[in-house]
Each structure stands twice: as structure tokens, then as C-alpha cells.
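Chemist: Predicted coordinates and the sequence they were generated for:
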Amino acid sequence: MQSQLKILFVDDHSGLRDGISFLLSKENAGLQFYNASTKDEALEILKNNNDIKNAILDININGESGLNFIDEFRMLVPQLNIIIYTMYSDMLHIEAALKKNIQGYITKDCEVREIEKAIEFVSGGSMYYNKAAKEVMQSMLFKNNNPKADYEELRVQELFENYKTFTPKEQEVFLLLAQEKNTDEIADLLGKSEKTVINQKSIIYQKLGIKDRLELLRAARKLGVIL
């Protein structure tokens, strides 16, 4: 009998994470999931199960970048394969993830079957990036091979630099604003007061140097946050 493939799944959205791991383990008896909502929970699991060789990791864990966890995870399991599973498909997040020597990158709009596919590829020694990630990686490659910069390219570069200053919470609000959600809707979705969201919106506008929603949508498209 073939032993089960053990996977650490780290995501603070427990309902989504537990639902996916349940469905995948039900469909494929060869998969065994260990679920964690925090870095400390994940580290404890790895300490007690050093035969885990694959991890699925969200980028935003309780307001902190999950990418910052990778080095600590690999201190316990040096050959740990990392699949990033996130709502972010912009150049900044993908580039930051690639610098951490990840093996896979999939976005949360994918089908559950694609998560299983990513696990199969990565556990077999291959890389796996879904369509959204591949498109951004191709644009990164084109940009790196085309050193001639015009005004528009410089503007995009400036946007990226400003976007890097966003906190994870500001990134979350920015994404929802880019999806044309109103401040009251965002407050309900994130469990915040509308006043807090309005303040974060004002900070976002200031950091990006924009004045209205139309400019925000243009900036979000240039950043690759929306298509």
C-alpha cells in the first residue's frame, strides 16, 4: 500500500482551507492534510511531522506576509516544496514569491482540481504556475529583456515602488476598491468600521498619488491587480 502524501496547508481563512483539504482528501485517499492558521501552528506541525515535504501557503496570514515564514519552515524541513495559494496575481507578489525559491503559484480563483494538479506536479519534482501567474511572469520577462523605458514604463515603476509601501491590510482594501466595492461593503467584508476603511482609502490614494476611483482603477490595472 502506497503511503499518503502529507501536505501542510497554511491559511487563516479556515473555512476555505478546511473545505478544500476535505474535498481533496475525500477525492484522493493518497493525500493527507495538516491544517494551520498561524505560523506557530505550522511550525509545530512540521516539528512533529518532518516527513511533510509539501506546503500550501497563503501570502497574507493574519495581516503578515506568509513569504516571511518560508525560511523558518525550511530550517525544519530543508527540502520543503512551497505552493503559494493567494488572491494576489500582481507582479510584485509573484516576483517576491519567486525570490523565495517557491515551486508553485496558484490564485484563489482556480478550480479545486487545479490545486490537486499543483500538488502532483510539485511533489513529482516539477514547477507549477497557473494561468494568471504565468501571464505576469511573461510580462516580467519581457520587461527585463527590454531595457528601453518610456514615460509610461517609468510611471508603472513608480506605482510599484509606492505599492510596496502598502501594509497587508492596505493591500486588501486596495484590491476591494479595485473591484469597485464601496467603503460600506468593504467594511462589512473585512469586519471593520466604515471610518477605518475610509481612512485606509485616503492613505492608499495618498501613497499612489491619485485623486479618484477612476485613477485607482487605472493604477490597479497597471499593477496587474485587476485585468
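Modeler: It's in.
Chemist: Got the domain ranges for the chain?
Modeler: Domain ranges of the chain: 5-137, 148-223, per automatic domain parsing.
Chemist: Redo these as a markdown table? Include mean pLDDT and mean neighbour count.
Modeler: The way it works is simple: take the backbone N, C-alpha and C, and place the C-beta from them, glycine included. Shown next, in a markdown table, are the domains of the chain (pLDDT from 0 to 100; neighbours: other C-beta atoms under 10 Å):
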| stretch | mean pLDDT | mean neighbour count |
| --- | --- | --- |
| domain 5-137 | 90 | 18 |
| domain 148-223 | 83 | 15 |
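Chemist: can you pull the contacts of the closest residue to Gly224 other than its chain neighbours?
Modeler: Closest residue in space to Gly224, ignoring its immediate chain neighbours: Asp90 at 4.0 Å, by C-beta to C-beta, 6 or more residues apart in numbering. Asp90 makes contacts with Val136, Tyr163, Leu223, Gly224, Val225, as judged by C-beta atoms under 8 Å, 6 or more residues apart in numbering.
Chemist: Show me which pair in those is furthest apart.
Modeler: Spanning the widest gap among these are Val136 and Tyr163, at 13.9 Å by C-beta to C-beta.
Chemist: Off-centre distance for the helix or strand containing Arg218?
Modeler: For Arg218, the host element (DSSP states H and E) is helix 213-223. Centre-to-centre, helix 213-223 and its host chain are 20 Å apart (C-alpha atoms, centre = their mean, to the nearest Å).
Chemist: Please list the residues outside that helix that contact it.
Modeler: Applying C-beta under 8 Å, 6+ apart, the contact partners of helix 213-223 are 90-92, 155-156, 159-160, 163, 174-175, 177-178, 180, 204-205, 208, 210, 226-227.
Chemist: on that earlier part again, redo the contacts of Asp90 as CSV? Include distance to Ile82.
Modeler: Listed next are the contacts of Asp90 as CSV, based on distance: C-beta to C-beta, whole Å:
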residue, distance to Ile82
Val136, 18
Tyr163, 23
Leu223, 24
Gly224, 21
Val225, 22
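Chemist: Tell me which stretches of this protein form helices.
Modeler: With DSSP state H as the criterion, the chain has helices at 14-27, 39-48, 70-76, 91-98, 112-123, 131-144, 151-163, 168-178, 183-190, 194-208, 213-223.
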